[in-house]
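**Student:** got a structure for you, letters missing:
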């Protein structure tokens, strides 16, 4: 039987998730994709971010997409989470496992995704440390922020 150590993450509350075990594998239910996914440390972080965005930032569940394919230089990559606002990427989230340090390579990865997507905001997290950025397209840089903005429906 598999035992999995679930890290306590740095979010405003302890979220409740649907977990199940089949044979020796533990699964977590993804409310975005509406299916059971193998519970890995990175998936644990991703599901916490989904809860955080919905519960604490008022992001619409229907605006959040998970594991979105982004084509970069002919190669297919996957963005962990993309939040859309009026069919335009609003936020890209890159999730790492809690044991993974967030470094320049992590920011380079999300910046490459954003060269294709042009989202206004970026979030990089390992569940313990969270970094939020707002894009400055004029100066081709991102500016760090203390927190993400709440989601507003723009008409």
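**Tutor:** Happy to help now that I have it. Predicted, not measured: the structure shown is a model, and the values here were computed from it.
**Student:** centre of the chain versus stretch 14-29, how much separation?
**Tutor:** From the chain centre to the centre of stretch 14-29 is a distance of 19 Å (Cα atoms, centre = their mean, to the nearest Å).
**Student:** Determine how far the last residue of that stretch lies from the first.
**Tutor:** Start-to-end span of stretch 14-29 (Cα to Cα, to the nearest Å) is 16 Å.
**Student:** which parts of that stretch are buried?
**Tutor:** Going by neighbour count (16 or more other Cβ atoms under 10 Å), the buried part of stretch 14-29 is 26, 27, 28. Placement of C-beta: from N, CA and C, glycine included.
**Student:** Take these and keep only those in strands.
**Tutor:** Counted as lying in strands by DSSP state E, out of the buried residues of stretch 14-29, are 26, 27, 28.
**Student:** how close does the first one sit to residue 40?
**Tutor:** This points to residue 26. Spatial separation of residue 26 from residue 40 under the definition Cβ to Cβ, to the nearest Å is 9 Å.
**Student:** Show me what counts as buried in the helix or strand that residue 135 is a member of.
**Tutor:** Take DSSP states H and E as the rule and residue 135 turns out to sit in strand 130-136. Along strand 130-136, the positions that meet the burial threshold by neighbour count (16+ other Cβ under 10 Å) are 130, 131, 132, 133, 135.
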